[in-house]
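# sequence plus predicted model, see below.
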Amino acid sequence: MTTGSRSDPYRSFRFRLEIDGITVAKVSEVTGLQLETETESYEEGGVNDYVHQLPKRTKYQNITLKRGITDLDEMWRWHQDVVSGRFKRKNGSIILMDIAGEDKWRWNFTMAYPVKWTGPELRADSNTVAFESIELAHHGIQKG
């Protein structure tokens, strides 16, 4: 008699970031994996117990990447290219891995470019890691 297989949820701490197919940044936090579909209310004559909710456009939230500052400054340089007006949109992926390091989920984003860079909070009375974050606008997220 089989008892069935158990499927535990994946942990959120094991992931990597690829931009243009290359693992470029070891980020410690990713936020903004969010899609929201707007709706339009439609009241049908003679139907008084509910209002139809019809789908409209889907919006994508900006993706924010956070990591400790190191000598690798590719995120800073990419944002500075945007500031100077000579930037290139890039495609990328956020890959969630299981405990063994195997890829399990992949979110592909397209036509991304940085719209905001935030530097670390510097405090003389603290010994925490200095973090930078970069916010990416993009044209959508697909599960790959």
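Cool, got the structure. Residues are numbered from 1 along each chain as shown.

# would you agree Ala130 is in contact with Arg67?
No - taking contacts as C-beta atoms under 8 Å, Ala130 lies outside contact range of Arg67: 10.1 Å. Bear in mind the C-beta positions are built from the backbone N, C-alpha and C, glycine included.

# between those two, who's got more neighbours?
Arg67 (19 against 13; other C-beta atoms under 10 Å).

# what's the first helix or strand after the helix or strand of the chain with the lowest mean pLDDT?
Ranked by mean pLDDT, DSSP states H and E, the weakest helix or strand in the chain is strand 22-25, scoring a mean of 63. Next helix or strand after strand 22-25 toward the C-terminus (DSSP states H and E): strand 29-31.

# pull up the pairing partners for that next one, direction included.
Its sheet considered, strand 29-31 pairs with strand 63-68 (antiparallel) by DSSP bridges.

# kindly export the partner strand (C-alpha atoms) in PDB.
Extracted as PDB, the C-alpha positions of strand 63-68 are listed here (Å, rounded to 0.1, in the frame of the first residue of the first chain):
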ATOM      1  CA  ILE A  63      11.700  44.000  -9.500                       C
ATOM      2  CA  THR A  64      14.000  45.000  -6.700                       C
ATOM      3  CA  LEU A  65      17.300  43.300  -6.200                       C
ATOM      4  CA  LYS A  66      19.200  43.700  -3.000                       C
ATOM      5  CA  ARG A  67      22.800  42.600  -2.300                       C
ATOM      6  CA  GLY A  68      25.800  43.400  -0.200                       C
END
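
# helix/strand/coil for the residue of the chain positioned farthest from its centre?
Distance to the chain centre peaks in the chain at Gly46, reaching 44.0 Å (criterion: C-alpha atoms, centre = their mean). At Gly46 the chain is in coil, as set by DSSP: H, G, I helix; E, B strand; the rest coil.

# for the residue positioned nearest the centre of the chain, name its beta-bridge partners.
Central residue of the chain (C-alpha atoms, centre = their mean): Ile63, 3.8 Å from the mean position. Beta-bridge pairing of Ile63 under DSSP bridges involves Leu136.

# what's the burial count for Lys104?
Lys104 has 12 neighbouring residues, counting by other C-beta under 10 Å.

# that one reaches Tyr10, doesn't it?
Yes - under the criterion of C-beta under 8 Å, Lys104 makes contact with Tyr10 at 5.6 Å.
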